[in-house]
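# Provided below are the primary sequence and the corresponding predicted coordinates.
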Amino acid sequence: MRLDGSKVVVVGMARSGVAAVELLLEKGAKVRPVDQKVRHVPELSLAVEPQTDAAFRDADLIVLSPGVPVDLGVINHARSRGIRVIGDLELASWFLQGDHIGITGSNGKTTTTALTGHILASSGIPVQVGGNIGRPPASMIATSRPGQWNVLELSSFQLETVETFRARIGAALNVTPDHLDRHYTIENYADSKARLFVNQRDGDAAVLNADDPICRAYVSRGAAKPVWFSSTETVSPGAWLYRDQIILDGEPLMRAAEVPLRGLHNIENTMAAAAIARLAGATPAQIRAAVATFPGVEHRLEFVRDLHGVSYYNDSKATNVDATLKAIQAFSSGLWIILGGKDKNSDYTLLAPLLKEKARAALLIGAAAGKIEAQLRGAVPLRLCGTLDAAIAEAHAGAGSGDIVLLAPACASFDQFENFEHRGREFKRLVRELPN
């Protein structure tokens, strides 16, 4: 649609919303920023209005930030009046130059996106990285070029409002229950992720986890060629794990032990990134060399400190139960695990068998502490700590040499922190301040 002179309401003034406002102003639109919390946004020259029906009264277009539910009453009222509603990803895709690689999944998106970008950049292939990983898509337009890959980490919130966005290469890593407080059912959640593939055409590629039944089913959602990855079986074309070797398109790529990241899930992320990078033009030798130099991702099984033989790890990005399970699986025993935060209608009983096997104690914080305590009672010693600093103090007092203190909360962070990054930074600060 033509934006010049159009009246556009942007909902949600976090990073993505601010970037969308700036893009729309550049394109000549008459922009009205609205937010649930009316506040001054230093980056904007416009005043932020309250999120009421009146704010949408004369809009030609509504752009939602990823954090804004699509079924809000004010949004439904506007939609019923025939106003078009899109998300910031759809808006940005109208102007982003180059081809897109879209990566989604319940877990592993950030690591796989960052690793894919690292491989392509190390291979001399023009690339920029953004999306849910940090740079909003609208902020990537100024640096986009023809012949360049835009590697985008994409959440279900970004994908549920897609209309025309097309990924030349789309990837689904896994789909397990998450964000059920917003999507309500696993079917709705899976359908949101499936929108990554619906606009793909002949000549495009869909990189799918052959071990995940929901991901396997995405093969029927678009016209792309399927490319697989698996840690349990031989697949073609794609990448799989055979004993201690990662195989790519039938040829040995590298030993699993050469991947500088903990856990089987990170081997799977590496196979997905390798398959994507191969499709984008990287050679197997370039992929192998780049993986070996990958530094990892902040807040994802990030080693923080060793203190008197006790190792501290920050996995604040483990915001759902499946991510926490994968974090636990990366260690053998002796875990003091910090759980809790804002509940997302999750089932924490799934953690019980692994915690019983590997954990010395679970230290519970935040609004979900009571629910977690009720669901894990009897599986592992539980300590109701309330706050992150109290949980770290409890672990510091009880852990002995060889033990692991792991922040892997299985919850969102918004009850006590601004976001998972804030929670992870606070964990690292508190751990580094522990006395020798």
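Perfect, I can see it now. Numbers count the residues shown, from 1 in each chain.
# for the longest helix seen in the chain, output the C-alpha coordinates as PDB.
Criterion DSSP state H: the longest helix present in the chain is helix 264-279. Taking C-alpha atoms only, helix 264-279 is exported to PDB below (Å, rounded to 0.1, in the frame of the first residue of the first chain):
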ATOM      1  CA  LEU A 264      23.100 -32.200  22.000                       C
ATOM      2  CA  HIS A 265      20.700 -29.300  21.300                       C
ATOM      3  CA  ASN A 266      23.600 -27.200  20.200                       C
ATOM      4  CA  ILE A 267      24.800 -30.000  17.800                       C
ATOM      5  CA  GLU A 268      21.300 -29.800  16.300                       C
ATOM      6  CA  ASN A 269      21.500 -26.000  16.100                       C
ATOM      7  CA  THR A 270      24.900 -26.400  14.400                       C
ATOM      8  CA  MET A 271      23.500 -28.900  11.800                       C
ATOM      9  CA  ALA A 272      20.600 -26.500  11.000                       C
ATOM     10  CA  ALA A 273      23.000 -23.600  10.600                       C
ATOM     11  CA  ALA A 274      25.300 -25.700   8.400                       C
ATOM     12  CA  ALA A 275      22.400 -26.700   6.200                       C
ATOM     13  CA  ILE A 276      21.300 -23.100   5.900                       C
ATOM     14  CA  ALA A 277      24.800 -21.800   5.200                       C
ATOM     15  CA  ARG A 278      25.400 -24.400   2.500                       C
ATOM     16  CA  LEU A 279      22.200 -23.300   0.800                       C
END
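# for the stretch 201-350 of the chain, which segments count as helices?
Taking DSSP state H, counting those that start in this stretch as the criterion, the stretch 201-350 of the chain carries its helices at 213-217, 264-279, 284-292, 321-329.
# next one: the stretch 51-200 of the chain
Remark: helices assigned in the stretch 51-200 of the chain by DSSP H, counting those that start in this stretch are 73-80, 88-93, 109-122, 156-159, 180-183, 186-194.
# lowest-confidence stretch among those helices?
Taking the mean pLDDT of each of those, the lowest value is held by helix 180-183, a mean of 76.
# what packs against it?
helix 186-194 (3 or more CB pairs under 8 Å, 6 or more residues apart in numbering; DSSP states H and E). Yep, even glycine has a C-beta here, placed from its N, CA and C like the rest.
# in this structure residue 120 contacts residue 280, no?
Yes: the pair residue 120 and residue 280 qualifies as a contact (CB atoms under 8 Å) at a distance of 5.9 Å.
# any common contacting residues for those two?
residue 149 (CB atoms under 8 Å, 6 or more residues apart in numbering).
# kindly export stretch 123-142 (C-alpha atoms) in CSV.
Extracted in CSV, the C-alpha atoms of stretch 123-142 (Å, rounded to 0.1, in the frame of the first residue of the first chain):
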residue,chain,number,x,y,z
SER,A,123,32.9,-17.1,4.4
GLY,A,124,32.9,-13.6,2.7
ILE,A,125,29.2,-13.8,1.9
PRO,A,126,27.4,-10.4,2.3
VAL,A,127,25.1,-10.7,5.3
GLN,A,128,23.4,-8.8,8.2
VAL,A,129,21.6,-10.3,11.2
GLY,A,130,18.6,-9.1,13.1
GLY,A,131,14.9,-9.7,13.9
ASN,A,132,14.1,-11.1,17.3
ILE,A,133,17.9,-11.3,18.0
GLY,A,134,18.3,-7.6,18.6
ARG,A,135,18.1,-5.4,15.5
PRO,A,136,14.4,-4.8,14.6
PRO,A,137,13.8,-5.6,10.9
ALA,A,138,12.9,-1.9,10.2
SER,A,139,16.3,-0.9,11.5
MET,A,140,18.0,-3.2,8.9
ILE,A,141,16.6,-1.4,5.9
ALA,A,142,19.2,1.3,5.7
